[in-house]
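> please find the sequence and the predicted model below.
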Amino acid sequence: MALTIYGIFASRAVRPLWTAEELGLPYHHVPTPYQGGATRTPEFLALNPNGHIPVLVDERPEGRVVVWESMACALYLARHHGKGDGSDIAPATPAEDAEALRWALWSVTELEADALCVLMHRLGLPPERRDADKLAAAEKRLRVPLRVLDEHLAAGAARGHDYLAGARFTVADLCVACVANWARASQELMHSFEHVHAWLQRCHARPTYQRLKAAAKTQG
């Protein structure tokens, strides 16, 4: 079997890239940017007619599997390439699988849009294009889902658990951390939700993530 991941680290493609690294999977990385027309070529559109990264291609004995949507890519890798025995980030039980599914989808519906707004209007956009009103509104809305996440992490900490699904880092943490990371641009939010902040620091301090980050810098 052979895996290929299209995308770049500084995009939603970090989700399947990080998952593959955590699982120790060999894969071919095609650094495909989301700007400049790379996702609009006939070859790329044949893989993802939406014209977005990431795209995951899994060449399996029974035939090629193509996955798009970043969370789907990450969850697919964990489910079909993880060991599933509690020794890696793949869910080992139906309960852990449920945690991965619900938190991954929750992060897209409840966090992503406003977290991206915070990132762009605090750091990503040139100063003259940043909108203080949009930023304030996004940060206000984020307080609702971040409180949900913070309370879940606090309850877990009381049981000696550092992560969303229990004592170990799983694909549930990876998926949510990739989205919540954008909100770290707001020091006010991080100060308000200390369990979230500490958990994000734990997640992004992992050697796998740091290796990907360092490699992305060398690639420019």
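Perfect, thanks for sending it.
> any idea whether the most centrally placed residue in the chain is helix, strand or coil?
Centroid-nearest residue in the chain: residue 178, 3.1 Å away (criterion: C-alpha atoms, centre = their mean). When classified by DSSP: H, G, I helix; E, B strand; the rest coil, residue 178 comes out as helix.
> residue 56 now?
Going by three-state DSSP: residue 56 is strand.
> same question for the one 3 residues further on.
In three-state terms, and counting by three-state DSSP, residue 59 is strand.
> could you number the chain from 30 rather than 1 from now on?
Shifting the count to begin at 30 puts that one at residue 88.
> what is the helix-or-strand element of the chain with minimal mean pLDDT packed up against?
Lowest by mean pLDDT, DSSP states H and E among the helices and strands of the chain is helix 236-247, with a mean of 92. Using 3 or more C-beta pairs under 8 Å, 6 or more residues apart in numbering; DSSP states H and E, the elements in contact with helix 236-247 are helix 43-52. Backbone N, C-alpha and C define where each C-beta goes, glycine included.
> 10 Å instead?
helix 43-52, strand 57-60, helix 200-209, helix 223-233 (3 or more C-beta pairs under 10 Å, 6 or more residues apart in numbering; DSSP states H and E).
> of all the ones you listed, which lies closest to residue 100?
helix 200-209 (5.7 Å; C-beta to C-beta).
> was I right to think the residue nearest to the centre of the chain contacts residue 145?
No. Judged on C-beta atoms under 10 Å, residue 207 makes no contact with residue 145 at a distance of 11.4 Å.
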